[in-house]
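Visitor: any chance you can model this:
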Amino acid sequence: MTDWALVAKIAGGGFGIVMLVLAILAALVWIVGLAARRFTEKGKQSTAKGRKA
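Guide: Have a look, this model is predicted:
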């Protein structure tokens, strides 16, 4: 006989873990994107200042 409560626990746990991992990856990608944008802007500003001088 199938224990549907156990099936629900396993399926729900697996789904929850997948969503948790995806949320962590999304946060990491967002943070890396912010850092890349900030470094790119600083690089553009420093080269623009260097050209004026």
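
Visitor: where does the protein dip in pLDDT?
Guide: The chain contains residues with pLDDT under 70 at 46, 48-53.

Visitor: got the residue ranges for the helices in it?
Guide: 4-52 (DSSP state H).

Visitor: next up, the contacts around the residue most central in space within it.
Guide: For the chain, the residue nearest the mean C-alpha position is Ala26 (2.5 Å; Cα atoms, centre = their mean). Residues counted as contacts of Ala26 (Cβ atoms under 8 Å, 6 or more residues apart in numbering): none. (Each C-beta comes from the backbone N, C-alpha and C, glycine too.)

Visitor: how far away is it from Phe15?
Guide: 16 Å (Cβ to Cβ, to the nearest Å).

Visitor: over to Leu22?
Guide: Going from Leu22 to Phe15 by Cβ to Cβ gives 11 Å.

Visitor: swap in Arg38?
Guide: Distance from Arg38 to Phe15, by Cβ to Cβ: 35 Å.

Visitor: and Val7, by the same measure?
Guide: 12 Å.

Visitor: export stretch 15-30 as CSV, just CAs?
Guide: Presented in CSV, the C-alpha positions along stretch 15-30 are these (Å, rounded to 0.1, in the frame of the first residue of the first chain):
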residue,chain,number,x,y,z
PHE,A,15,10.1,20.9,-4.4
GLY,A,16,11.1,23.1,-1.5
ILE,A,17,14.8,22.3,-1.9
VAL,A,18,14.6,23.1,-5.6
MET,A,19,12.9,26.4,-4.9
LEU,A,20,15.4,27.3,-2.2
VAL,A,21,18.4,26.6,-4.5
LEU,A,22,16.8,28.6,-7.3
ALA,A,23,16.2,31.6,-4.9
ILE,A,24,19.8,31.4,-3.8
LEU,A,25,21.1,31.3,-7.4
ALA,A,26,18.8,34.2,-8.3
ALA,A,27,20.2,36.3,-5.4
LEU,A,28,23.8,35.4,-6.3
VAL,A,29,23.2,36.4,-10.0
TRP,A,30,21.6,39.7,-8.9
